[in-house]
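**Q** quick one, what's the 3D model for this:
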Amino acid sequence: MGWHIVGIDVSKAKLDVCLLGEAGETAYQQVPNTLAGYGQLQTWLQQHGSQPLPVCLEATGIYSLPPAQYLHQHHYLVSVVNPAPVKAFAAALMKRHKTDKTDALVLARYAAHFAPPLWSPPTLSQSQVHDLKRLADDLQSDRTRVKNRLEGTPVGSPARPYLEKQLAQIQRELQKQRDEDQGLHSQCDLLTSIIGIGVTSALQILAELPDLTRFASADELVAYAGLCPRQQQSGNQIAHSWLSKQGSPALRKALYLPALTAKQHNPHLRQFAQRLSDSGKAKMTVVAAVMRKLLVLIYAILKSGHPYDPNYLFAT
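**A** Residues are numbered from 1 along each chain as shown. Sure, this is the predicted structure:
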């Protein structure tokens, strides 16, 4: 019997695993989502074949990262996929039941059919920057809630200064990570060459960017961020377009303020935004378009290793 691929449905407490054979045969196992469970999983997989098999997991944040890292370290060909297309694939299969066991089978069949790109684990520095950035996001949300709660009350509450102090400390930690990691420092320099992106914004964007080798083009990265337009038209119905938002909200959030700055101060993007405004586009539609343009620039600059040239579009 030749086993073909592995699908793993990840939850907080456990991993449901499906081995899919070349002829469609299946085998199932369930292990704890712990280091000891990963060892049990590896032993079970080795019992079913001498060579490490391709493994497909859904991206479930902190729960899928440890098993993905473990399997990658033990030479399995790991793919971490977006849950949205997997859900659509399951609907196309007309699955009547949804259980962890059937979800693992769907993941295995999805990977066998689409051969998703291989996943590379983040470096220690990338993980730390990502965690710090997410913590800063949480504190900024807390700051907004505290500001709203204290509105109209006497000045002097220690809550806001306390949160501001924590945010400042996180920003110092992010700067320290940048200064100590040469690769991160170089990428940050490339991004800050784009008029509209400062050091803090560059670090926030880099914290949310996935491995760019996963994307064959800038359009794929734009789709990952949920910044591609989505159109609806049927019969004689007038076509309507809107932002798909089927992607990373954290990456869109990291691009928002740089887009507002670039819209005002970047000559290329200011002209681009003005053309859209003059054609009657709504304000937020223009901002979304500038975010999309920024992300295309970021992709090109990071892939090429060449900084942004503000005179490029005007070269003769």
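**Q** please make it C-alpha for all contacts and neighbour counts, starting now.
**A** Noted.
**Q** buried ones in the strand or helix carrying Asp142?
**A** Following DSSP states H and E, one finds Asp142 within helix 124-150. Of the residues in helix 124-150, 125-126, 128-130, 132-134, 136-137, 139-140, 143 count as buried by neighbour count, 16 or more other C-alpha atoms under 10 Å.
**Q** equivalent analysis for stretch 280-298, please.
**A** Applying a neighbour-count criterion of 16+ other C-alpha under 10 Å, one finds 285-298 buried in stretch 280-298.
**Q** over to stretch 29-46?
**A** Neighbour counts over stretch 29-46 (16+ other C-alpha under 10 Å) mark 30-34, 37-38, 40-41, 45 as buried.
**Q** my read: Val199 touches Thr192, true?
**A** Yes - in this structure, Val199 is within contact of Thr192 by C-alpha atoms under 8 Å, at 6.2 Å.
**Q** all the strands of the stretch 1-150 of the chain, residue numbers only.
**A** Assignment of strands within the stretch 1-150 of the chain using DSSP state E, counting those that start in this stretch yields the ranges 3-10, 14-21, 26-32, 54-58, 77-81.
**Q** so which of the ones you listed gets nearest Leu71?
**A** Nearest to Leu71 among the strands of the stretch 1-150 of the chain is strand 77-81 (7.0 Å), distances taken as C-alpha to C-alpha.
**Q** closest one to Lys87 out of the buried residues of stretch 29-46, please.
**A** Proximity of those to Lys87 (C-alpha to C-alpha) peaks at Gln30, which lies at 21.3 Å.
**Q** what's opposite that closest one in the beta bridge?
**A** Using DSSP bridges, the bridge partners assigned to Gln30 are Asp16.
**Q** wait, it touches Asp16, no?
**A** Yes - with contact defined as C-alpha under 8 Å, Gln30 counts as touching Asp16 (4.6 Å).
**Q** now do Gln30, the pLDDT please.
**A** pLDDT recorded at Gln30 is 96.
**Q** give the contact list for it.
**A** Gln30 makes contacts with 14-17, as judged by C-alpha atoms under 8 Å, 6 or more residues apart in numbering.
**Q** which of Val199 and Thr192 has more neighbours?
**A** Higher neighbour count among Val199 and Thr192: Thr192, with 20 against 17, using other C-alpha atoms under 10 Å.
**Q** got phi/psi on the more buried one?
**A** With angles defined as degrees, to the nearest 10, Thr192 sits at phi -70, psi -10.
**Q** all helices of the stretch 51-200 of the chain, in order?
**A** 65-73, 83-92, 100-114, 124-150, 159-180, 182-192, 199-208 (DSSP state H, counting those that start in this stretch).
**Q** out of those, flag the one nearest Glu25.
**A** Per C-alpha to C-alpha, nearest to Glu25 of the helices of the stretch 51-200 of the chain: helix 100-114, 10.6 Å.
**Q** kindly export that closest one (C-alpha atoms) in PDB.
**A** Listed next in PDB are the C-alpha coordinates belonging to helix 100-114 (Å, rounded to 0.1, in the frame of the first residue of the first chain):
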ATOM      1  CA  ASP A 100     -12.300  16.800  12.900                       C
ATOM      2  CA  LYS A 101     -11.800  13.400  11.200                       C
ATOM      3  CA  THR A 102     -13.500  14.500   7.900                       C
ATOM      4  CA  ASP A 103     -11.700  17.800   8.000                       C
ATOM      5  CA  ALA A 104      -8.400  16.000   8.100                       C
ATOM      6  CA  LEU A 105      -9.500  14.000   5.100                       C
ATOM      7  CA  VAL A 106     -10.500  17.100   3.200                       C
ATOM      8  CA  LEU A 107      -7.100  18.700   3.900                       C
ATOM      9  CA  ALA A 108      -5.300  15.600   2.500                       C
ATOM     10  CA  ARG A 109      -7.500  15.600  -0.600                       C
ATOM     11  CA  TYR A 110      -7.100  19.300  -1.000                       C
ATOM     12  CA  ALA A 111      -3.300  19.000  -0.900                       C
ATOM     13  CA  ALA A 112      -3.300  16.000  -3.200                       C
ATOM     14  CA  HIS A 113      -5.400  18.000  -5.800                       C
ATOM     15  CA  PHE A 114      -3.800  21.400  -5.600                       C
END
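**Q** good, we can wrap up now.
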